[in-house]
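Q: Quick one: sequence plus predicted model below, questions after.
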Amino acid sequence: MDATPFWQLNDYLAGQEIKIGARNPWVEGLVGLCESGFGFDGAMLFSTIADLVEPTDADLAGDIALVGKRLKYGLPGRAAITFYEIGFADRVVSMALAALFPHVVDRSTAILGLRARAAETRDALAGFPSYFAGVLNELIA
């Protein structure tokens, strides 16, 4: 949920002599555990709980759903998740945009921010594949 790279998780687990089942940790195993176990199954669990809570407490349901999305995408906050969901579907790119626009909370605030600071956003995306510049162009057109 804090966007820690898999290799760092692997190094930490190995350094702590933590085993996954009977095996030492390995990157591919962590990818499967995080993306399938936590990312998919965990996100589904949180989504279901949020749906059950929503009729009695919409704010709590929203917070629970946010935790589910953090698990699903492996991202640290609402701004990064929003950028991921609107088309910047790469953890590193969405976190870079979230650093530029930390107050983004939804699609409309993200697009308004991108339009207002298009040149700065293009500069931030310059180090990434040109695909993301295309996503930006489509969003601010």
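A: Looks like it arrived, so ask away.
Q: Output the lowest mean pLDDT helix or strand found in this structure.
A: Least confident helix or strand, the chain: helix 27-32 with a mean of 76, by mean pLDDT, DSSP states H and E.
Q: does the residue nearest the centre of the chain sit in a helix, a strand or a coil?
A: The centroid of the chain falls nearest to residue 75 when counting by CA atoms, centre = their mean (3.0 Å). Classification of residue 75 by DSSP: H, G, I helix; E, B strand; the rest coil places it in coil.
Q: roughly how far out does the least confident helix or strand of the chain sit from the chain middle?
A: Taking CA atoms, centre = their mean, to the nearest Å, the mean C-alpha location of helix 27-32 is offset from the chain mean by 18 Å.
Q: in it, what counts as buried?
A: For helix 27-32, burial by neighbour count (16 or more other CB atoms under 10 Å) applies to 29, 30. Bear in mind the C-beta positions are built from the backbone N, C-alpha and C, glycine included.
Q: again, but for stretch 120-136
A: 121, 124, 125, 132, 135, 136.
Q: So which residues of the chain form helices?
A: Applying DSSP state H to the chain gives helices spanning 6-15, 27-32, 43-53, 58-73, 78-85, 91-100, 107-116, 118-125, 131-140.
Q: Would you mind listing the outside residues contacting the fourth one?
A: Translated: helix 58-73. Contacts with helix 58-73, where a contact means CB atoms under 8 Å, 6 or more residues apart in numbering, come from 1, 38-40, 42-47, 49-51, 53-54, 75-78, 80-81, 84, 91, 94.
Q: how does it look with 7 Å?
A: Contacts with helix 58-73, where a contact means CB atoms under 7 Å, 6 or more residues apart in numbering, come from 1, 38-39, 42-43, 46-47, 49-50, 53-54, 76, 78, 81, 84.
Q: got it, and stretch 115-132?
A: Outside stretch 115-132, the residues within contact range by CB under 7 Å, 6+ apart are 88, 93, 96, 97, 100, 114, 133, 136, 140.
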